[in-house]
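Q: the following comprises the amino acid sequence and a computationally predicted model.
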Amino acid sequence: MPIIRPHDAELFTAHGSTFASYVSQTRGARELCAWRLTVPAGQTGVAHRPSNEEVLLVLEGSLSVSLNGLVEEAGVGDVIVIPSNSEVKIDGGETDSTAWVTTTSGLQATTADGAVLSPPWAR
């Protein structure tokens with residue numbers, strides 16, 4: 001059974017947040033990608049439209065989630081389901097926050113200015 005330890009996660013930073021990649025095609029997975037997202041307290045996220053569904057489980061702290069203009073707070077244990085092609089923005093709460101994120105391989109994100117990003121942690 002393959003076990004990926006925290007010190008084996010591949011680290012990326014983007015838009016002020018940290019992405020610790022555990023599962024991806026580059027790490028042997030065929031269909032899924034998963035990472036631990038760390039969002040600093042008060043961090044303002046970047047609005048984007050993901051090409052694939054994403055599921056976030058809040059592990060620590062809280063996140064302010066804007067989904068198609070509706071804003072809600074998500075705390076420890078809450079799960080956020082982000083449908084593909086919906087507009088999402090995730091902001092940090094009062095303290096540093098973490099979430100476990102799962103999606104399918106090949107996720108891309110389109111920002112408001114039309115830029116298409118292919119995050120390396122989702123390949």
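A: Sure, I can see it.
Q: tell me the pLDDT at the spatially closest residue to residue 2 that is not a sequence neighbour?
A: Take residue 2 and drop its neighbours on the chain: the residue closest to it by C-beta to C-beta, 6 or more residues apart in numbering is residue 28, 7.0 Å away. All C-beta spots, glycine's among them, are computed from the backbone N, C-alpha and C. Looking at residue 28, its pLDDT reads 85.
Q: from what I see, residue 28 and residue 4 are in contact.
A: No - checked against C-beta atoms under 8 Å, the pair residue 28 and residue 4 is beyond contact range at 9.5 Å.
Q: more neighbours: these two, which one.
A: Neighbour totals were compared for residue 28 and residue 4, and residue 4 leads with 14 against 9 (other C-beta atoms under 10 Å).
Q: how close does the closest residue to the more buried one other than its chain neighbours sit to residue 41?
A: Taking C-beta to C-beta, 6+ apart, and ignoring the residues beside it in sequence, residue 4 has residue 22 as its nearest neighbour in space, at 4.9 Å. Noted for residue 22: a distance of 24 Å to residue 41, by C-beta to C-beta, to the nearest Å.
Q: neighbour count: the two, which is higher?
A: Each of residue 22 and residue 41 has its neighbours counted (other C-beta under 10 Å); residue 22 has more, 19 against 12.
Q: elements contacting the helix or strand hosting that one?
A: Here residue 22 sits within strand 17-23, counting by DSSP states H and E. Contacting strand 17-23 under the criterion 3 or more C-beta pairs under 8 Å, 6 or more residues apart in numbering; DSSP states H and E are the following elements: strand 10-14, strand 32-39.
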